[in-house]
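Asker: next come a sequence and a model predicted from it.
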Amino acid sequence: MNRNYILLFLFSLVMTLSGLASLPPIDRDESRFVQATKQMAESGDYVDIRFQEASRYQKPIGIYWLQSAAVTLSGKGAEAPIWVYRTISALGIAIAVLAIVWTGTNLFGANAGIAAGLVMAAIFATAFEGRDAKTDAMLLACCVAAQGALAQIYLASRRNEPVAGHLWWIFWIAQGAAVLIKGPIAPLLSALTIAVLFAFERDGRWLSKLRVGRGLLLVVVIALPWLAAITWKSHGAFLQQAVGKDMLGKVASGEESHGLPPGFYMLTYSLFMWPFGLIAVGAGLQALNRLRDDVRLRFCLAWYIPFWLVFELIPTKLPHYVLPAYPGMALLIGWLLTLQPEDANAPLKRWQQWLWWSTAFGLVVVSLGLAAVCIGAPIYLTHSFSWWSIPAAAAALGTGYFAFSRQLQVPLPRIGATAACAGITYALLFGVIAPSLKPIWLSPAIKQAVLANKPCDTTVLASARYQEPSLVFLVGTKTVLTDVGGVAQHLLADPACALGLAQIEDEQKLNGMLSVQGKSVKRVAEIDGLNYSSGDKLSLGLYRVAP
């Protein structure tokens with residue numbers, strides 16, 4: 001393997017290493033994913049997907065199988081810590097980086113591939129998703145592999161060159177794997193790319209090189225066995241929930257409290273493409289001006305623009321939804337390096353200059369904002385100053401400085417310096433500062449209180465008001481999520497061993513419920529903090545039945 005591939009693969013892993021172990025499970029999606037995987041390890045059932053007793057059919061099985069493999073290889077089984085689950089996401093980002101280097105090298109040359117790889121390894125979106133045990137990092141890997149193969153098939157066909165026989169295999173295997181990970185997202189990305197290219201060129205003869213019939217059969221072979229098994233086991237509930245409720249619900253109306261108007265992804269672009277959003281916009285605008293002259297640019301723009309527009313129109317919006325489109329922009333940064341400086345820095349049109357300066361403003365705001373978070377978050381949440389805040393804020397500002405260039409063409413060494421500074425920022429932000437914000441990490445504090453005070457090895461916790469999935473993952477699958485009345489019943493059902501968690505303001509109410517049977521509660525621990533998922537400040541008591 002080429003040395004560039006190995007170095008960038010390792011660079012990507014290093015970029016996501018910090019925080020994998022020190023950052024507690026994040027609510028709510030990550031904790032739901034890892035808890036469902038944990039239950040597979042506990043039950044030995046690797047077909048059904050459940051969170052405690054409830055079915056979890058929003059996403060297919062792929063990510064759970066990958067996380068289960070990591071759990072098994074760790075040798076810790078259901079007791080595996082959170083970092084084991086997150087290694088799959090870190091690996092997904094590293095594979096995506098490899099795939100974009102491969103694509104960029106074959107489209108634009110070695111330096112372009114290196115630049116695209118550095119960009120994908122260092123943007124905020126991949127830094128976060130690489131530390132988050134969900135579907136999106138591995139989905140990105142599948143999307144980049146599929147689109148990279150599609151790009152090379154398209155380019156070879158347009159040049160009347162022979163198409164390498166392995167490319168259609170890569171395309172369809174990646175599509176099949178992506179379907180098992182997150183349903184139709186990767187097929188949608190490729191379909192939109194193909195549709196826009198066809199609309200522009202009115203020529204679809206190159207699609208015969210995809211071997212669509214054989215390819216679709218390959219996708220069916222990959223995805224159908226589990227789909228048939230879960231449909232049979234759930235009596236059709238999986239399809240009803242995954243397709244009818246989750247997917248179509250998001251398309252028809254804002255689901256999961258994330259309904260937002262068009263323009264959301266434009267507003268969040270500067271954060272999630274930080275620090276390379278400005279450089280990417282400059283490259284994208286130059287590519288737009290040469291759209292008719294170069295089929296490679298046409299493909300990259302067809303990768304990004306239609307996918308972004310479709311998700312702007314869908315009511316349900318979350319920042320990571322457009323992550324599969326970002327590699328198209330990363331490739332254009334690499335392409336711009338291949339031009340002579342006078343061509344790469346050719347004047348933009350007036351509306352393009354306005355867009356460029358707006359993005360420059362976004363870069364400044366995000367860089368200052370990240371620096372402010374590094375300094376202000378510990379002061380606000382822990383009422384103390386963290387000395388790690390100084391190098392973290394300096395790294396964020398340094399990253400913004402390197403990323404702000406008045407020239408559209410940014411040399412490869414400067415791209416590397418920007419990526420390295422961003423990596424330092426992420427290492428300190430996710431690996432040191434965020435884990436130190438103890439008031440927002442209620443579930444780990446509750447776990448420690450339970451371990452210190454549980455009267456029996458078989459103790460089960462019942463929790464009222466605080467019902468985050470991370471609590472179930474850390475304290476145990478049998479954890480009961482209920483109300484104050486449920487906590488009282490739980491304590492009375494097993495007065496010798498049971499523990500209950502409730503707001504301290506409900507202690508009198510809890511005692512009243514137990515007094516009916518001549519019992520009372522004893523508070524054995526107090527946990528104060530902020531539930532960042534709901535924004536509620538909580539003062540929680542851990543209780544057992546008084547002897």
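Answerer: Arrived safely.
Asker: every contact and neighbour count from this point should use C-alpha atoms.
Answerer: Noted.
Asker: show me the contact partners of whatever helix or strand Ala427 lives in.
Answerer: Element membership of Ala427 [criterion: DSSP states H and E] is helix 412-428. Contacts with helix 412-428, where a contact means C-alpha atoms under 8 Å, 6 or more residues apart in numbering, come from 15-19, 111, 115, 118-119, 121-123, 127, 275, 337, 388, 392-393, 395-396, 398-400, 402-403.
Asker: repeat for stretch 507-525
Answerer: Stretch 507-525 has contacts (C-alpha under 8 Å, 6+ apart) with 449, 453, 484-485, 487-488, 492, 541-546.
Asker: next: stretch 97-110.
Answerer: Residues contacting stretch 97-110 (C-alpha under 8 Å, 6+ apart): 5, 8-9, 12, 111-118, 120-121, 141, 144-145, 148-149, 151-152, 155, 296, 327, 331, 334-335, 338.
Asker: quick one, whichever strand or helix holds Gly376 and helix 412-428 angle?
Answerer: Using DSSP H and E, Gly376 sits within helix 350-382. If you take axes from the mean of the first three to the mean of the last three C-alpha atoms, to 10 degrees, helix 350-382 sits at 30 degrees to helix 412-428.
Asker: contacting residues around whichever helix or strand comes after helix 350-382?
Answerer: The helix or strand immediately downstream of helix 350-382 is helix 389-403, counting by DSSP H and E. If you take C-alpha under 8 Å, 6+ apart as the criterion, helix 389-403 is touched by 275-276, 278-279, 363-364, 367-368, 370-372, 374-375, 414-415, 417-419, 421-422, 424-425, 428-429, 433.
Asker: packing partners for the helix or strand where Ala149 lies?
Answerer: Using DSSP H and E, Ala149 maps to helix 136-158. Here helix 136-158 touches helix 82-108, helix 124-129, helix 166-182, helix 185-201, helix 295-313, going by 3 or more C-alpha pairs under 8 Å, 6 or more residues apart in numbering; DSSP states H and E.
Asker: try 7 Å this time
Answerer: helix 82-108, helix 166-182 (3 or more C-alpha pairs under 7 Å, 6 or more residues apart in numbering; DSSP states H and E).
Asker: mind listing what's buried in that helix?
Answerer: Residues 136-157 are the ones in helix 136-158 that count as buried (16 or more other C-alpha atoms under 10 Å).
Asker: any regions of the stretch 201-350 of the chain where pLDDT drops low?
Answerer: Applying pLDDT under 70 to the stretch 201-350 of the chain flags residues 244-259.
Asker: same question, the chain
Answerer: Regions of the chain meeting the criterion pLDDT under 70 cover residues 1, 244-259.
Asker: which strands or helices does the helix holding Gly376 pack on?
Answerer: The contact analysis (3+ C-alpha pairs under 7 Å, 6+ apart) places helix 350-382 against helix 264-272, helix 277-289, helix 389-403.
Asker: just to revisit the earlier point, restricting to C-alpha, output the helix holding Ala149 in PDB.
Answerer: Coordinates of each C-alpha in helix 136-158 appear next as PDB, following Å, rounded to 0.1, in the frame of the first residue of the first chain:
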ATOM      1  CA  ASP A 136     -22.800   8.000  10.800                       C
ATOM      2  CA  ALA A 137     -19.000   7.400  10.700                       C
ATOM      3  CA  MET A 138     -19.300   4.000   9.200                       C
ATOM      4  CA  LEU A 139     -22.000   5.200   6.800                       C
ATOM      5  CA  LEU A 140     -19.600   7.900   5.700                       C
ATOM      6  CA  ALA A 141     -17.000   5.200   4.900                       C
ATOM      7  CA  CYS A 142     -19.500   3.300   2.800                       C
ATOM      8  CA  CYS A 143     -20.600   6.500   1.000                       C
ATOM      9  CA  VAL A 144     -17.100   7.600   0.100                       C
ATOM     10  CA  ALA A 145     -16.100   4.100  -1.100                       C
ATOM     11  CA  ALA A 146     -19.200   3.900  -3.300                       C
ATOM     12  CA  GLN A 147     -18.900   7.400  -4.600                       C
ATOM     13  CA  GLY A 148     -15.200   7.000  -5.200                       C
ATOM     14  CA  ALA A 149     -15.800   3.900  -7.300                       C
ATOM     15  CA  LEU A 150     -18.600   5.600  -9.100                       C
ATOM     16  CA  ALA A 151     -16.400   8.600  -9.900                       C
ATOM     17  CA  GLN A 152     -13.700   6.400 -11.400                       C
ATOM     18  CA  ILE A 153     -16.200   4.500 -13.500                       C
ATOM     19  CA  TYR A 154     -17.700   7.700 -14.700                       C
ATOM     20  CA  LEU A 155     -14.300   9.300 -15.500                       C
ATOM     21  CA  ALA A 156     -12.900   6.200 -17.300                       C
ATOM     22  CA  SER A 157     -16.100   6.000 -19.400                       C
ATOM     23  CA  ARG A 158     -16.000   9.600 -20.300                       C
END
